[in-house]
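Student: Need the 3D shape of this:
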Amino acid sequence: MVWGAISGIGERLTSSLVFWDKKRWGRITAKGYRDHICLPHLLPLYRREHLFWGNPLTIMEDNASVHNARLMQEFRETHLLPHLPWPAISPDLNPIEEIWRRMKEEISSLPTRPSTREAMEDAIWSIWAQLGNSEIQAIVDSMPHCIQAVLAAQGGHTHY
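Tutor: Numbering: from 1, shown residues only. Presented below is the predicted three-dimensional model:
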């Protein structure tokens, strides 16, 4: 599992990446997500972008149980993190999913597929570092069209 964040505002529109260290941290739980992702990475990113620069940010997570756990709800409330509610059964309208899809395609098209964890992390870092702000901004800007397509399809399949 890899965690990263994107934004439609700011100078650099990507965060750093965090690779889940299953050997040290175990399986992903709400506590682990809070302690290893949110506290050291998400919260400082939010504080820097919102509190320091004044950029209005909203946290978008999917319906993973670790995101919806009471512990995480309390964490977001305690730290005043605006959070977009996510319906239980819904199309995934998070723009970062398009980034992950493109990254998977790029990795699949490599002449030699990474065969170790380290090689895979290197490939992911390399692709992530090459993401341009204009590419990310175009994906973020496409969201109103994506939402309209989902509404027109009454929540059904779209080409997004």
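Student: make it CA atoms for all contacts and neighbour counts henceforth
Tutor: OK.
Student: okay, and for the protein, where does confidence drop off?
Tutor: 88-89, 91, 160 (pLDDT under 70).
Student: Quick one: neighbours of the residue lying closest to G4 once chain neighbours are set aside, just the number.
Tutor: Distances taken as C-alpha to C-alpha, 6 or more residues apart in numbering place L17 nearest to G4, at 4.8 Å, with adjacent residues excluded. L17 has 17 neighbours, counted by other C-alpha atoms under 10 Å.
Student: again with A64
Tutor: With other C-alpha under 10 Å as criterion, A64 counts 10.
Student: and it, how far is that from T29?
Tutor: Using C-alpha to C-alpha, to the nearest Å, we find A64 at a distance of 10 Å from T29.
Student: just I124 next, same as before
Tutor: Note on I124: its distance to T29, by C-alpha to C-alpha, is 23 Å.
Student: Likewise for R47?
Tutor: 24 Å.
Student: ditto for E121
Tutor: Taken as C-alpha to C-alpha, the span from E121 to T29 is 22 Å.
Student: hmm, back to that, give me the more crowded residue out of I124 and T29.
Tutor: For I124 and T29, the more surrounded residue by other C-alpha under 10 Å is I124, and the numbers stand at 19 against 14.
Student: ok now do the more buried one, which residues does it touch?
Tutor: 103, 107 (C-alpha atoms under 8 Å, 6 or more residues apart in numbering).
Student: and if you look at R76?
Tutor: R76 sits in contact with 82-83, where contact means C-alpha under 8 Å, 6+ apart.
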